[in-house]
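Visitor: I need the structure of the sequence given here:
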Amino acid sequence: MTQKAVAMRALRVVLLLLALGFCVWSVASKWDDTVHAFEQMSWYTLLGAFALGFAGLVAWMLAWRTFLAGLGSELPLGAAYRIAFVSGLGKYVPGMVWVLVSQVEMAHEYKVPRARSFSATVLAIATSTACGLAVAAVTLPLTSPDARERYWWLFLLAPVLLACLHPKIVTWALNLVLRTLRRTPLEHPVSVAATLRAVLWTVAGWLLFGGHLWLLSMAAGGSGAGLPFLATGAYALAFVVGLLVFLAPGGLGAREAVMVLVLTPVMPTGAPIVVALASRVLQTAADLAGAGSAVLLGRRARKDRTTGNEPGPAELSTSTQPTGTQAAGTQAPSTQPTGTRPTKEQA
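Guide: Numbers count the residues shown, from 1 in each chain. The predicted structure is shown next:
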C-alpha cells in the first residue's frame, strides 16, 4: 500500500470519527426536547417514519449510481451502497466538501476515475437541490391561499433549475469546473435517458421523505387533506436550505427552523418543533444505520473492486448519447484494461 493510500485511509477514519461525533452532538444537544417529542408518538409511527426516511436515502443513492453509470462507471449495487452511505456521514462535518472528497476517494478504490465520481456527486447534489425546490413549488402552494402568497417565488425558480439539468448545460458547467481545477474534462456527457432516470429516483426520494414528515405531523396533531402536500414541501424546502447553510453540520438548526416556519400555520402550538426534532433524530439514525450496514457489507463489496468501469474516449463528445459503441468501419481494440467493461461490439 502506498503512502498516499495510507494517508487517505487515515483521513477517512478521522472524518468518520468526526462525523460520528457531530451526529452524537446533534442529538445530545437537544436530548430533553427529543425525549419529550418521542413520548408523544407511538413506536409504530416512529418506526414507519424511520423506514420511509431510510428508503429516501436509498433512492438518492440509486440516483447517484445512475449518474455514475451514465458517465461510464457502473458500480455494483453493494459497492455503490457502501460508498454512498459511509461518505454520506461527511455531511455532519461542517462544510459539504467532506462528502465530495470521501465519495471521490472511496469510488477510486473501485477503479472509478476521480473526474467521473466528482462529476456524479456534483450532479446528484445539483439534482436533489433542483428537484427539491420543484417539489416544494408544486406542493406548498396547493395547501392554502396563504401558502400561495408566501411561496409563489418557488414557481419561478424551480423550472429554471430543472432546465439547467439538461445534459448539454450540465456538461458545459462540469467541464468548466474541471478545467478550473486543472482536471481532465468528462469523456462524454450523461445521456438524457440516464438524467431522467436519476431525476425520477431523486423525486422518489423526496416523496419518501415527505411521507416520513407526514407521519410525524399526523402523530403530533396535524390533520387535513393538504397535510401530505405541506409535509412534503416543508421537508424539501427545509433540506435545501440546510444544504445551502453548509457550515452547519447536516444543516442543523436551519432545517428545523424552516420546518417549524412552514408547519406552524396548520398545526397546534408547539407541535412543529416536536415534529422537526423527531425528524432530525430519525434521519440521523437512518444515516448511521445505513453507514453501519455498509461497513458490514464492506468485505463483500471489496471483491468487486475491479468491475463496473468502461474506458472513456480521449475527447469529449458533443452528443448527449453515451459513446460506448465503435463507429462503423473502425476496428475495436483486441484487449481491455483490467476491471473494465467491454463494449457491445466486443462482447
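
Visitor: spit out the contact partners of the nearest residue to Ser102 once chain neighbours are set aside.
Guide: The spatially closest residue to Ser102, leaving aside those adjacent along the chain, is Ser87, at 3.9 Å (C-beta to C-beta, 6 or more residues apart in numbering). Bear in mind the C-beta positions are built from the backbone N, C-alpha and C, glycine included. With contact set as C-beta atoms under 8 Å, 6 or more residues apart in numbering, Ser87 has these partners: Val99, Ser102, Gln103, Met106.

Visitor: report the two of those residues separated the most.
Guide: Val99 and Met106 (10.8 Å; C-beta to C-beta).

Visitor: so which residue is smack in the middle of this structure?
Guide: Centre of the chain computed as the mean C-alpha position; nearest residue by C-alpha atoms, centre = their mean is Trp60, 4.7 Å away.

Visitor: element containing the closest residue to that one other than its chain neighbours?
Guide: With sequence-adjacent residues excluded and distances taken as C-beta to C-beta, 6+ apart, Trp60 is closest to Gly205, at 4.5 Å. Assessed by DSSP states H and E, Gly205 sits inside helix 192-219.

Visitor: residue contacts, Leu154?
Guide: Leu133, Ala136, Ala137, Leu140, Pro141, Leu237.

Visitor: Val240 is in contact with the second one, correct?
Guide: Looking back up the chat, that one is Ala136. Yes: using C-beta atoms under 8 Å, Ala136 is in contact with Val240, at 7.5 Å.

Visitor: tell me which of those two has more neighbours.
Guide: Taking neighbours as other C-beta atoms under 10 Å, Ala136 and Val240 compare with Ala136 leading, 27 against 22.

Visitor: now the angle between helix 192-219 and the helix or strand that contains the more buried one, please.
Guide: According to DSSP H and E, Ala136 maps onto helix 114-139. Using axes from the mean of the first three to the mean of the last three C-alpha atoms, to 10 degrees, the inter-axis angle of helix 114-139 relative to helix 192-219 is 50 degrees.

Visitor: other SSEs contacting helix 114-139?
Guide: If contacts are counted by 3 or more C-beta pairs under 8 Å, 6 or more residues apart in numbering; DSSP states H and E, helix 114-139 sits against helix 43-70, helix 97-108, helix 152-163, helix 167-180, helix 192-219, helix 227-244.
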